[in-house]
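**Q** sequence first, then the predicted structure:
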Amino acid sequence: MAPLAVFFSPETLNQVQHPVYVHAALADRTLLPDWNALAVRDGVARLSGWRGIEGADHYVYLAPCPPAMAQVASAICTDPPGIDRAAIQAQAATDAIAFFGDTLAER
């Protein structure tokens with residue numbers, strides 16, 4: 001989820017030989033997708049799959065905030081309209097279980 005890849009060249013990413021699944025917030029303003037998630041998606045040799053969430057920002061992967069925390073940390077606790085943090089996290093968990101089930105079954 002939200003991989004940090006800005007430090008890796010396309011040649012380096014292409015050398016990754018293990019299966020990779022990318023889950024990304026496509027409106028991420030912390031780890032810009034073009035330099036990070038999309039670079040991994042487009043650069044690894046064994047991409048098993050990917051899911052990009054339109055309109056979601058980097059912090060969508062944090063647990064939903066309690067109301068008191070949301071008041072003082074709205075930047076990391078508030079998602080844009082139409083973004084359901086709990087549903088995105090449930091889908092990410094489902095995707096991870098499927099990926100690891102398929103990947104570990106290969107061994």
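**A** Structure received. Numbering: from 1, shown residues only.

**Q** what helix or strand is D42 on?
**A** If you go by DSSP states H and E, D42 is part of helix 37-43.

**Q** name the helices or strands packed onto that helix?
**A** For helix 37-43, the elements it packs on are helix 10-14, strand 20-25, strand 47-53, judged by 3 or more C-beta pairs under 8 Å, 6 or more residues apart in numbering; DSSP states H and E. (C-beta placed from N, C-alpha, C; glycine too.)

**Q** what do you get if the cut-off is 7 Å, keeping everything else the same?
**A** Applying 3 or more C-beta pairs under 7 Å, 6 or more residues apart in numbering; DSSP states H and E, we find helix 37-43 packed against helix 10-14, strand 20-25.

**Q** most tightly surrounded among these?
**A** With neighbours defined as mean count of other C-beta atoms under 10 Å, these peak in mean count at strand 20-25, which reaches a mean of 22.

**Q** paired strands for that strand, with orientation please.
**A** Strand 20-25 has the following strand partners under DSSP bridges: strand 47-53 (parallel).

**Q** which residues are in contact with the strand it pairs with?
**A** For strand 47-53, contacts defined as C-beta atoms under 7 Å, 6 or more residues apart in numbering pick out 19-26, 41, 60, 88, 95, 99, 103.
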